[in-house]
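# Please work out how this folds:
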Amino acid sequence: GSTEQPLDLSGKLSVIMVCGLQGSGKTTSCAKLAAYIGRTERHKRVLLAACDLQRPAAVQQLKKLGSDISVPVFSLDGVDKPLHVAKKAYEKALAEGYDVLIVDTAGRLHLEESLMQELSEIRSALNPREVLFVASAATGQDAVKTAAAFDAKVQITGTVLTMLDGSARAGAAISIREITQKPLKFEGVGERVQDLQLFNPHSMADRILGMGDVINLVKKAQEHFDEKQSLDLEKKMREASFNYEDY
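Predicted structure coming up:
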């Protein structure tokens, strides 16, 4: 329901600015957010803005993703100023009665002052309700340093953790939360546009402790055993006395 909407979508036009390093899944996350809003706030009209002019394929990628989910994408050809594109997208969104504008911004492979300055200008111009930092679980502690730098420059409102479908332990997630003191809002758990869900601390804890598979195994076991056998089994697992025979 709307009670657990993690995004501030109040106001006539809510701007969500999405930032992060190149390769973090940032552009894909923009489309995933648009799809999420489409599922949870069906009456809201969303416009995507292609303001990542660093990576040649980023604009094309966003257009492709947008068309897959029937969300329009605003872009300007022959313009090299992201701020200009962002302002024009905002004007269009206002003029045409959109409710949400999601802005994809440039990420480089490492932090650069010019990049941060650019993001800061876009933030000042659009006054976004949400500034989401996209971090790949695969980058580990590097993501933490980056998150701190982005937060210092553009005051992020939350984090989207991507690439959790891999075997990466997501310890960095907790560190990002600690360092920025901003919530982990979403987790990307796969490639598809639907593969974005609200951040779930329980599944995260399981993942970090490697318990996820054990819990699933116990659930499967419950289907085949009575309650007592199942409890015995769970106890054995917790005590690590679970053996091949039990399996």
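# ok, the residue most central in space within the chain - contacts?
With the centre of the chain defined as its mean C-alpha position, the nearest residue by C-alpha atoms, centre = their mean is Val160, 2.8 Å away. By C-beta atoms under 8 Å, 6 or more residues apart in numbering, the contact set of Val160 is Val18, Ser29, Leu33, Leu132, Phe133, Val134, Ala135, Lys185, Phe186, Glu187, Gly188, Leu196. Heads up, the C-betas are built off the backbone N, CA and C, glycines and all.
# Closest one of those residues to Arg39?
Comparing these against Arg39 with C-beta to C-beta places Leu196 closest, at 9.7 Å.
# thought that closest one was touching Met163?
No: when contacts are counted by C-beta atoms under 8 Å, Leu196 is not listed as touching Met163 (12.0 Å).
# coming back round to it: list the neighbouring strands of whichever strand or helix holds the residue nearest to the centre of the chain plus their orientation.
Assigned by DSSP states H and E, Val160 belongs to strand 158-162. For strand 158-162, the paired strands and their directions (DSSP bridges) read strand 130-136 (parallel), strand 184-188 (parallel).
# tell me which helix or strand of the protein sits lowest on mean pLDDT?
The least trusted helix or strand in the chain, going by mean pLDDT, DSSP states H and E, turns out to be helix 212-224, with a mean of 63.
# was I right about Gln22 contacting Arg55?
Yes: counting by C-beta under 8 Å, Gln22 touches Arg55, with 6.2 Å between them.
# before we move on, back to that, any chance of the contacts of Val160 in TSV, plus pLDDT, neighbour count and distance to Lys228?
TSV is the format used below for these (pLDDT from 0 to 100; neighbours: other C-beta atoms under 10 Å; distance: C-beta to C-beta, whole Å):
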residue	pLDDT	neighbour count	distance to Lys228
Val18	98	26	50
Ser29	97	24	46
Leu33	97	27	46
Leu132	98	27	47
Phe133	97	30	48
Val134	96	28	46
Ala135	92	29	44
Lys185	95	19	41
Phe186	94	24	40
Glu187	90	24	36
Gly188	89	23	40
Leu196	91	23	40
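# closest to Ser175 among those?
Nearest to Ser175 among these, counting by C-beta to C-beta, is Ala135 at 10.2 Å.
# Could you check how far that closest one is from Glu191?
17 Å (C-beta to C-beta, to the nearest Å).
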